[in-house]
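**Q** How does the following fold in three dimensions:
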Amino acid sequence: MHASEPVITLEGVRKVFQTDEVETHALSEVHLGVAQGEYVSISGPSGCGKTTLLSILGLLDTASEGRYVLNGHDVAGLNAAARARIRNAHIGFIFQAFNLIGDLTVAENVELPLTYRGGIGTAERRQRVEEALQRVGMAHRMRHYPAQLSGGQQQRVAVARALVGKPAILLADEPTGNLDSRNGEAVMALLDELHKAGSTICMVTHDARYAELAQRKIRLFDGRVVDEDTFERLRREDEARLEALIAPHTGAPA
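**A** A predicted model of the protein is given here:
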């Protein structure tokens, strides 16, 4: 970890969804910092706010309240166009579903984020694409199409696409969710290699095994960041409430 400004700083972030007359608090008073070079996992039960938090971190959504500073930019109040520019310049995304475009080659998929940036010539784009694919071990497949690759290979290409713009941070949303265990472990090993080489990574995962591989682990419960002891206590209380609800319906008839 470098002694520098955090890549990400969240202060008092709340997210409220309003549908008809129902108000859902997806995130409540989230405070979070991610330093340069850190590898952070975010985990918690379904519906705890993981996806909402990652969407806000990735500038795909905005907070209802609170402050968000990304790589020195105060981004909480930006309009959609400004968010898109900063997102393209500072964030690399790794998605569960790979999100590769089927009629583009591997090289064209990886190059795509660079085409939205000004000031990068064709030769430099090609060099960056080749370097990114070499880093993930897929340079030999650059002329292939996604359908010609295995799931694990497609995710490696997706990682290369995330790296090609030299982002301040990689945001990984369930990067092993669509992979079998062998390919999932290979992708996690790749993320570990990238972290050791200096990449800053923030990963959402439901898999406790993979969460434990991160340098720092963040737990979410009901939209709040909680420590390990609090998380385990709340989880046990939640399970006990569920068992109490089920028990009257599972007993034998008198």
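**Q** Burial check on Gly119, number of neighbours?
**A** Residues lying near Gly119 (other Cβ atoms under 10 Å) number 5. Glycine gets a C-beta too; all of them are placed from N, C-alpha and C.
**Q** Over to it. Which of the three states is it?
**A** Under the three-state scheme (DSSP: H, G, I helix; E, B strand; the rest coil), Gly119 adopts coil.
**Q** And the pLDDT for it?
**A** Looking at Gly119, its pLDDT reads 81.
**Q** any idea how far it lies from Gly72?
**A** For Gly119, the distance to Gly72 equals 20 Å [Cβ to Cβ, to the nearest Å].
**Q** Over to Gly44?
**A** 29 Å.
**Q** higher neighbour count, these two?
**A** Neighbour count, other Cβ under 10 Å: between Gly44 and Gly72, Gly44 has more, with 25 against 13.
**Q** who touches the more buried one in this structure?
**A** Contact partners of Gly44, counting by Cβ atoms under 8 Å, 6 or more residues apart in numbering, are Lys50, Arg219, Leu220, Phe221, Phe231.
**Q** Recalculate using a threshold of 6 Å.
**A** Neighbour list for Gly44: Lys50, Arg219, Leu220, Phe221 [criterion: Cβ atoms under 6 Å, 6 or more residues apart in numbering].
**Q** which stretch of helix or strand covers the closest residue to it other than its chain neighbours?
**A** Closest residue to Gly44 apart from its sequence neighbours, by Cβ to Cβ, 6 or more residues apart in numbering: Leu220 at 3.7 Å. For Leu220, the host element (DSSP states H and E) is strand 216-221.
**Q** chain center to that strand, what's the gap?
**A** In terms of Cα atoms, centre = their mean, to the nearest Å, the centre of strand 216-221 is set 13 Å apart from its chain centre.
**Q** Which pLDDT value goes with Thr230?
**A** Per-residue confidence (pLDDT) for Thr230: 62.
**Q** next one: Thr24
**A** At Thr24, the pLDDT recorded in the model is 88.
**Q** Give me the neighbour count for Arg85.
**A** With other Cβ under 10 Å as criterion, Arg85 counts 13.
**Q** my guess is it is in a helix, correct?
**A** Yes - under three-state DSSP, Arg85 falls within a helix.
**Q** ok so, going back, using CSV, list the CA coordinates for the strand holding Leu220.
**A** The C-alpha trace of strand 216-221 is given here as CSV (Å, rounded to 0.1, in the frame of the first residue of the first chain):
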residue,chain,number,x,y,z
ARG,A,216,-8.9,-6.6,3.3
LYS,A,217,-12.5,-7.9,3.8
ILE,A,218,-15.6,-5.7,4.0
ARG,A,219,-18.9,-7.2,5.2
LEU,A,220,-22.3,-5.7,4.3
PHE,A,221,-25.4,-6.4,6.2
